[in-house]
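A.B. asks: Here is the input, now give the coordinates:
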Amino acid sequence: MDPHLLHTYITVARLASFSEAARALGYTQSAVSQHIAALEQDLGAPLLTRRPVAPTPAGERLLEHAGPLLLRLDAARADVARMVAAPAHGLTLTASPTALGPRVLAALPAAGVTLRVAARDAVPEAVATGTADLGLVDGLAAPSDPLRLPDVAPLTTHGIAEQPVCVLLPAAHPLARRTGLRLTDLADARWLDAPDTALPLTQLRAAHGGRGFRPALRYEGTDLSVLTALAAAGHGLALLPRPAAEGVPGAVAVPVAEPRVVHRTELLHPGSPRGAAADLVDLLLPEASRP
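C.D. replies: I've put the predicted structure just below:
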């Protein structure tokens, strides 16, 4: 299957237009049509209806495979390029918002660093495709358990921190005076759905048998201060690592007593890091865990 044809197909399906896809890709509309026809011939199935432009059932199934396939190809290209390239003098680090603890920030080099804050699922992808030298991603886990990360490429992961988890409540909330909270008692509460900033509600549901934790408001962003302000204003509860939840004006951080879970942060890198990336790995990992 030609990846160029697959990329054209994804673009047409996303934009629902041959002409818009042609403009986006820099092709003629005729070339786009030829790409789709060649892919349909290769697979032996129609992939798009033409009026309106929309994936057929076979096309929908192909879309489920297409993104991961192209990502794997990009990751392989980046992995081979890293093997023959000279070590970079600078360092690009991509991290999810609550993975950037004080210890990480203190360990960053004084110069030559590019720091990108991104959605959790984007961090492994950035490392795999070579747009980041290192990644930091976090999530909810049982103590000492690794995170479940998307399988985008062969990446090395190291746990570098585990912190207590707190529920962020408005100061006037009836539960704000508690010394600890059970998540099962909060399954029917109003929650903020902020998958790229707070610990995701999908992880809370998984810890609760797949039930409850319905969102009252969805926040699609990575600014932690916006999320904590929404929680303090009463728009919903948020689950955060203790350092991020404490000290928020108008809000109270109450530790999670049950179940026994932690906020875990993991460091990601491809192969053996070199240059400034290797130096940062040495600073963040215990000696016994260093590559």
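A.B. asks: was I right about residue 178 contacting residue 254?
C.D. replies: Yes - if you go by Cβ atoms under 8 Å, residue 178 and residue 254 touch, sitting 5.3 Å apart. The way it works is simple: take the backbone N, C-alpha and C, and place the C-beta from them, glycine included.
A.B. asks: More neighbours: which of those two?
C.D. replies: residue 254 (20 against 16; other Cβ atoms under 10 Å).
A.B. asks: tell me the secondary structure for that one?
C.D. replies: Under DSSP: H, G, I helix; E, B strand; the rest coil, residue 254 falls in the strand class.
A.B. asks: Would you check that my belief about it contacting residue 176 is correct?
C.D. replies: Yes - Residue 254 is in contact with residue 176 according to Cβ under 8 Å; the separation is 6.8 Å.
A.B. asks: any common contacting residues for those two?
C.D. replies: residue 169 (Cβ atoms under 8 Å, 6 or more residues apart in numbering).
A.B. asks: and residue 5, that's in a helix?
C.D. replies: Yes - judged by three-state DSSP, residue 5 forms part of a helix.
A.B. asks: which residues touch it?
C.D. replies: Contacts of residue 5 (Cβ under 8 Å, 6+ apart): 35-36, 38-39, 42.
A.B. asks: redo that, cut-off 10 Å
C.D. replies: Applying Cβ atoms under 10 Å, 6 or more residues apart in numbering, we find residue 5 in contact with 34-40, 42-43.
A.B. asks: Give me the common contacts of residue 178 and residue 254.
C.D. replies: What both residue 178 and residue 254 touch, as defined by Cβ under 10 Å, 6+ apart, is the set 167, 169.
A.B. asks: And residue 91, how close does it get to residue 175?
C.D. replies: 42 Å (Cβ to Cβ, to the nearest Å).
A.B. asks: Lowest mean pLDDT among the helices and strands, pick that one out for this structure.
C.D. replies: helix 57-84 (a mean of 77; mean pLDDT, DSSP states H and E).
A.B. asks: And that one, what does it pack against?
C.D. replies: When contacts are defined as 3 or more Cβ pairs under 10 Å, 6 or more residues apart in numbering; DSSP states H and E, helix 57-84 packs onto helix 3-15, helix 29-43, strand 48-50, strand 53-55, helix 122-128.
A.B. asks: Adjacent strands (with direction) for whatever helix or strand comes next after it?
C.D. replies: Following the chain from helix 57-84 toward its C-terminal end, the next helix or strand by DSSP states H and E is strand 91-95. Within its sheet, strand 91-95 is paired with strand 113-117 (parallel), strand 134-141 (parallel), according to DSSP bridges.
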